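**Q** let's see this in three dimensions:
(4 chains)
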There are 2 protein chains.
Amino acid sequence: MPSGIAHAELIAVLVAVTRNEPRVMTLRSGAALPSGPFESRHRSLQSGLRAWIERQTGHPVGYLEQLYTFADRHRDPSQPDASLSARNISIGYLGLLREQDAAGDGQPAWQSWYRYFPWEDHRDRHPDIIEPLAERLGSWAKSDTLRREQVDFLFGLNGKPWNEDHALQRYELMYAAGLADGALTNDERAFGRPMTGDHRRILATGITRLRAKIKYRPVVFELMPDNFTLLDLQRTVEALSGLRLHKPNFRRLIDQQELVEETGEMSSGTSGRPAKLFRYRPAILEAPNLSGRRLPVSRH
Amino acid sequence: MPSGIAHAELIAVLVAVTRNEPRVMTLRSGAALPSGPFESRHRSLQSGLRAWIERQTGHPVGYLEQLYTFADRHRDPSQPDASLSARNISIGYLGLLREQDAAGDGQPAWQSWYRYFPWEDHRDRHPDIIEPLAERLGSWAKSDTLRREQVDFLFGLNGKPWNEDHALQRYELMYAAGLADGALTNDERAFGRPMTGDHRRILATGITRLRAKIKYRPVVFELMPDNFTLLDLQRTVEALSGLRLHKPNFRRLIDQQELVEETGEMSSGTSGRPAKLFRYRPAILEAPNLSGRRLPVSRH
DNA sequence: CTCTTAATTCTCATTTCGAGAATAAGAGGA
DNA sequence: TCCTCTTATTCTCGAAATGAGAATTAAGAG
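**A** Here you go, the predicted model:
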């Protein structure tokens, strides 16, 4: 078979936020991301994928963006003659959907993404899962100073601050340390749930991209219902970033950007003072950023 | 032919900065970016491409990053039976090389990228090429308010500020307006030089990515020689961003980041006070950003 | 010694950021 | 009705980052 020919498939990281939890659509009871062959019927990759997702989920995709193209010669173990077979190319996409109810058919198809990356959730306290993790990573790094610094830097150890943007690098470090394979670690609570092939890496790519994106593009609104309170909005951003934010500063940011407007209605049915409802005000002029550039993190 | 099979090729945007001009490596006297079939010999896309580039240019690639994957059914006009043929997938890469001498064989393979996007160079005065451009775009937008706002926003018209980060969007707008095709406009000085297929779009993608990247990663140093003055560094950033920077503030930024250290030597052979030479101090701890987040633009 | 050209340092007003205090508006019970 | 609890919404204020330009220093040329 001549070089230049490859098998191509699309893999989608579909994200929704329900009940303040960031969720990703999965198949095979959480072991795989939805994927399908690359069909040449559609005009573009995007439009084809969009149609496919809407057919699968029954919901329209608000936002769709290409993530990364992975190529792997040894992806498919069922192919005996790997050296001669065409190579596999997987094109990863990130899609955002409005709040979905996780209750679907039998299996919950929408999984919290922190099930795969438990150490990424810093909304309430520093996750204690980081202790065993740090230990394993430490014994992997041994006396290699560079590696130790990497570990400290990425996982916020020894006085280094935690940075939510490095999710992919953290996963890759764990992979390098042999901690990504469930068979070896045998502790999903600490090391996260594995997935087929490199699906977990693709998910990490999606999370990282989304965490970066919400800082300078108003994409969160693709995940919100039509009307929401500012606290709803904040909780969604917190769910995605895995951080707690400072409420007054978050509000300040939001209305500086002029991305929302009051609907005139008030929220109801909750304890405490009722909150104003807002709606997204689609920024005609392609506003530069949502949350400024950094999130207003709350330290405590 | 079953779906899921595709032709795959790699396309590279190789960038170097020489004599304060950002240059891109081209073939066919500037009409095409270097590209080649996707070969399955190498372990990964990256490593294969890296080897290929070093073979072609004779120079090592300092930095290599995937840009975007394009799929186009009708890319190759020499294929008569397009409806049956496999689809083309092009995987674009951005590579940075150290200062190259543009004088190669016969044709100058390294072209200034502003030849393809003349309106992107705002280092000295607002380019007057923007006038005819704005006019054409205006008559394309007609009375569509949304389009007019887009044009103003992207090209910095009617009091809107210029933002160097939107190079790709600007190109796509021009494409939508039918101004990207040289056959129609027939004025390379104003509308830039066209390229084969979607190579010019891929180049725009590379420029946009690089302009964004230099703001938060120390990638400029991949383009610098071993020793350089701070002004050299500034000029390189200016070349890439297409902006003039404020010298004192640029310096402040640089040494806040602690990315460079003095060599002890001084520059020589130029008029004026000699400048200290610096070298890059490879940031062990994966420093978050080079130029802060925004460049210290100089207004005048 | 003076002039020209840059390099290098300083200053200062303006914005933005991070944190927390203060105030407002409902619900429910005393 | 009044008090308490809870959450919303506003304000303040000091610290840090930014934008702009003045002042100072160091070489070479005449």
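
**Q** CA atoms for contacts and neighbours, from now on please.
**A** Fine.

**Q** gap between the residue of the stretch 201-300 of chain A found nearest DNA strand C and chain B?
**A** Checking the stretch 201-300 of chain A residue by residue against DNA strand C with CA to the nearest atom of the strand singles out A:Arg273 as nearest, at 3.6 Å. According to CA to the nearest CA, to the nearest Å, A:Arg273 stands 38 Å off from chain B.

**Q** in which helix or strand does that residue reside?
**A** Counting by DSSP states H and E, no helix or strand carries A:Arg273.

**Q** quick check: it vs A:Leu231, distance?
**A** Applying CA to CA, to the nearest Å, the value for A:Arg273 to A:Leu231 is 12 Å.

**Q** again, but for A:Ala71
**A** For A:Ala71, the distance to A:Leu231 equals 41 Å [CA to CA].

**Q** which of these two has more neighbours?
**A** Of the pair A:Ala71 and A:Leu231, A:Ala71 is the one with more neighbours under other CA atoms under 10 Å in any protein chain shown, namely 20 against 15.

**Q** what's the helix or strand for that one?
**A** When elements are assigned from DSSP H and E, A:Ala71 belongs to strand A:63-72.

**Q** measure how far that strand is from the centre of its chain, please.
**A** 13 Å (CA atoms, centre = their mean, to the nearest Å).

**Q** and that strand with chain B, contact?
**A** Yes: for strand A:63-72, a contact with chain B is found by CA under 8 Å from any CA of the partner chain, at A:66, A:68-69, A:71-72.

**Q** got the buried residues for that strand?
**A** Judged by neighbour count using 16 or more other CA atoms under 10 Å in any protein chain shown, the buried positions of strand A:63-72 are A:63-64, A:66-72.

**Q** sketch out the strands for chain A, chain order is fine.
**A** Here chain A has its strands, by DSSP state E, at A:5-18, A:21-25, A:35-37, A:63-72, A:87-96, A:110-112, A:227-228, A:260-266, A:276-280.

**Q** okay, and the beta partners of the closest residue to A:Leu64 other than its chain neighbours?
**A** Leaving aside its sequence neighbours, A:Leu64 sits nearest to A:Gly95 (CA to CA, 6 or more residues apart in numbering or on different chains; 4.4 Å). Bridge pairing for A:Gly95 (DSSP bridges) gives the partners A:Leu14, A:Leu64.

**Q** which pLDDT does the model give A:Gly95?
**A** A:Gly95 carries a pLDDT value of 96.

**Q** correct me, but it touches A:Pro60?
**A** No: with contact defined as CA atoms under 8 Å, A:Gly95 does not count as touching A:Pro60 (9.9 Å).

**Q** the more surrounded of the two?
**A** Neighbour totals were compared for A:Gly95 and A:Pro60, and A:Gly95 leads with 24 against 16 (other CA under 10 Å).

**Q** ok, now which ones touch that one?
**A** By CA atoms under 8 Å, 6 or more residues apart in numbering or on different chains, the contact set of A:Gly95 is A:12-15, A:61-65.

**Q** relative to A:Val237, how far out is A:Arg125?
**A** From A:Arg125 across to A:Val237, the span is 17 Å (CA to CA).

**Q** run a quick neighbour tally on the closest residue to DNA strand D within chain A.
**A** Of all residues in chain A, A:Gly272 sits closest to DNA strand D, at 3.0 Å by CA to the nearest atom of the strand. Number of residues near A:Gly272 (other CA under 10 Å) recorded here: 7.

**Q** equivalent analysis for A:Ala141, please.
**A** So A:Ala141, with other CA under 10 Å, has 17 neighbours.

**Q** before we move on, what about A:Ser139?
**A** Using other CA under 10 Å: A:Ser139 sits among 11 other residues.

**Q** ok so, going back, now the residue of chain A closest to DNA strand D, what are its backbone angles?
**A** A:Gly272 adopts backbone torsions of phi 90, psi 180, taken as degrees, to the nearest 10.

**Q** and it, what's its pLDDT?
**A** For A:Gly272, pLDDT reads 87.

**Q** again with the one 4 residues further on
**A** In this model, A:Lys276 is scored at 96, pLDDT.

**Q** isn't it up against A:Glu261?
**A** No: in this structure, A:Lys276 is not within contact of A:Glu261 by CA under 8 Å, at 9.9 Å.

**Q** which one of those two is surrounded by more residues?
**A** Counted by other CA under 10 Å, A:Lys276 and A:Glu261 do not tie: A:Lys276 has more neighbours, with 18 against 14.

**Q** so which residue is smack in the middle of chain A?
**A** A:Ile207 (2.5 Å; CA atoms, centre = their mean).

**Q** any idea how far it lies from B:Ala212?
**A** In this view, A:Ile207 and B:Ala212 are 20 Å apart by CA to CA.

**Q** quick one, grab the pLDDT at the residue lying closest to A:Leu168 once chain neighbours are set aside.
**A** For A:Leu168, ignoring the flanking residues on the chain, the nearest one in space by CA to CA, 6+ apart is A:Ala204 at 5.1 Å. For A:Ala204, the pLDDT comes out at 98.

**Q** neighbours of A:Ala204, just the number please.
**A** Neighbours of A:Ala204 under the rule other CA under 10 Å: 23.

**Q** so it sits against A:Ala167, correct?
**A** Yes: using CA under 8 Å, A:Ala204 is in contact with A:Ala167, at 6.3 Å.

**Q** so what's the gap between the helix ranked longest in chain A and the chain middle?
**A** Counting by DSSP state H, the longest helix found in chain A is helix A:199-213. Centre-to-centre, helix A:199-213 and its host chain are 5 Å apart (CA atoms, centre = their mean).

**Q** stretch A:113-130 too?
**A** Put simply, stretch A:113-130 sits 13 Å off its chain's centre (CA atoms, centre = their mean).

**Q** any buried residues in that stretch, and which?
**A** Across stretch A:113-130, burial judged by 16+ other CA under 10 Å covers A:113-123, A:130.

**Q** any chance of those residues in a markdown table, plus distance to DNA strand C and pLDDT?
**A** Converted to a markdown table, the buried residues of stretch A:113-130 look like this (distance: CA to the nearest atom of the strand, whole Å; pLDDT from 0 to 100):
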| residue | distance to DNA strand C | pLDDT |
| --- | --- | --- |
| A:Trp113 | 26 | 97 |
| A:Tyr114 | 24 | 97 |
| A:Arg115 | 28 | 95 |
| A:Tyr116 | 28 | 97 |
| A:Phe117 | 25 | 97 |
| A:Pro118 | 24 | 95 |
| A:Trp119 | 21 | 96 |
| A:Glu120 | 19 | 97 |
| A:Asp121 | 18 | 96 |
| A:His122 | 15 | 94 |
| A:Arg123 | 14 | 92 |
| A:Ile130 | 22 | 91 |
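
**Q** which residue sits closest to the closest residue to DNA strand C within the stretch 51-200 of chain A, ignoring its sequence neighbours?
**A** Across the stretch 51-200 of chain A, the shortest distance to DNA strand C (CA to the nearest atom of the strand) belongs to A:Pro161, at 11.4 Å. Ranked by CA to CA, 6+ apart and with sequence neighbours excluded, the top spatial neighbour of A:Pro161 is A:Phe153, at 7.5 Å.

**Q** hang on, that neighbour packs against A:Lys160?
**A** Yes: A:Phe153 is in contact with A:Lys160 according to CA under 8 Å; the separation is 5.9 Å.

**Q** those two: who's more crowded?
**A** Neighbour comparison, A:Phe153 and A:Lys160: the larger count goes to A:Phe153, with 21 against 12 (by other CA under 10 Å).

**Q** tell me how far the more buried one lies from A:Glu164.
**A** As for A:Phe153, its distance to A:Glu164 is 12 Å (criterion: CA to CA).

**Q** same thing with A:Phe38?
**A** From A:Phe38 across to A:Glu164, the span is 33 Å (CA to CA).

**Q** before we move on, what about A:Leu137?
**A** Shown here: A:Leu137 relative to A:Glu164, a distance of 19 Å by CA to CA.

**Q** again, but for A:Phe70
**A** 24 Å.

**Q** what do you get for A:Met25?
**A** Look at A:Met25 and A:Glu164: by CA to CA, they are 22 Å apart.
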